[in-house]
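Q: need a structure here:
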Amino acid sequence: MKKCSRRSLRTLLSWLSGATLGACALAAAPTGAAPQAATAATSAMAPRVLACTACHGKEGRATPDGYFPRIAGKPAGYLYNQLVNFRDGRRSYPQMTYLIEHLTDDYLREIATHFAALQVPYAPPLAPQASPQVLERGRQLVQQGDAARQLPACVQCHGQAMTGLQPSIPGLLGLSRDYLNSQLGAWKTGQRRAQAPDCMADIARQLSPEDVSAVSAWLAAQPVPGAGKPADRLAGAMPVRCGGADGVPVVDAASR
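A: Now for the predicted structure:
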């Protein structure tokens, strides 16, 4: 497992855990001043999140090998939920927990808002790392699901463009195959959890190792459309209710 230097993390932690900025400048600014406030907030937070970029790359773009995922431009609600999950033990990665275990909810929201506002280009995808047959199986699971096994399609929750949904559902493109494999595996084994109801854990446990390999291979080979901007709404209701995605319509929500 790859790690950032603990010494460098300890040094950078002083930036991250200093006095908070208070309420986010963008949220507090008048509507007409939003662009200027966003720029000011980003500039003010940049030195405070050096501990994050030490692993996640400049401006949170991800590292070249893709082990540490991109966080720039992800929905702010999703980033906040993941920071809370690391802090509260639903996700386990010692370096992350070490950095944020004493940070407040308000400060975690500021960090999430900072990275969500960064719109930086995505690198082009690597060449496909699987056979055409495996890639086609991955495409089918992502775009159509598997009705016979009651597996919903990824696009039903993550959006038709697979760039996620505001404010709390992440995009699945622009991530490496290894990272996608590791996260689906973590869902399957319970090493990664989310707020209840933990829909991704339920879905991942239904995937075979071959399904995981096919889905990750297809996703990792796709270019990111529209600069990766999350959608504002889904084409239809979500097939299942997911913790942390409050406010998104769910099929037959009244009966769940």
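Q: so for stretch 165-180, first residue to last residue, what's the gap.
A: Counting by CA to CA, to the nearest Å, you get 18 Å between the two ends of stretch 165-180.
Q: in the stretch 101-250 of the chain, what residue spans correspond to strands?
A: Shown for the stretch 101-250 of the chain, the strands assigned by DSSP state E, counting those that start in this stretch span residues 164-165, 169-170.
Q: so can I have TSV of the ones you listed showing distance to S213?
A: The way it works is simple: take the backbone N, C-alpha and C, and place the C-beta from them, glycine included. As requested, the strands of the stretch 101-250 of the chain are exported to TSV (distance: least, CB to CB, whole Å):
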stretch	distance to S213
strand 164-165	23
strand 169-170	20
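Q: tally up the residues packed near the closest residue to W218 other than its chain neighbours, please.
A: Spatially, and ignoring its direct neighbours in sequence, W218 is nearest to G138 (2.9 Å; CB to CB, 6 or more residues apart in numbering). Look at G138: counted by other CB atoms under 10 Å, it has 26 neighbours.
Q: do you know how far G138 is from D65?
A: 21 Å (CB to CB, to the nearest Å).
Q: what of A123?
A: A123 is 12 Å from D65, where distance means CB to CB.
Q: what of P209?
A: Distance, P209 to D65, by CB to CB: 22 Å.
Q: quick one: residues contacting the residue nearest to G243 when sequence neighbours are not counted.
A: Of all residues not flanking G243 in the chain, Q195 sits nearest, at 3.2 Å (CB to CB, 6+ apart). Residues near Q195 by CB atoms under 8 Å, 6 or more residues apart in numbering: 81, 85, 90, 243-244.
Q: okay, those residues in a markdown table with neighbour count next?
A: Listed next are those as a markdown table, based on neighbours: other CB atoms under 10 Å:
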| residue | neighbour count |
| --- | --- |
| N81 | 24 |
| N85 | 18 |
| R90 | 17 |
| G243 | 16 |
| G244 | 21 |
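Q: which one of those is nearest W187?
A: Of all these, W187 sits closest to R90, with 11.3 Å by CB to CB.
Q: and the gap between the residue nearest to the closest one when sequence neighbours are not counted and Q222?
A: Counting by CB to CB, 6+ apart, R90 lies nearest to R193, which is 4.2 Å off, once chain neighbours are set aside. From R193 over to Q222 the distance is 27 Å, taken as CB to CB.
Q: swap in H114?
A: Separation of H114 from Q222 (CB to CB) stands at 27 Å.
Q: higher neighbour count, the two?
A: Counted by other CB under 10 Å, H114 and Q222 do not tie: H114 has more neighbours, with 27 against 17.
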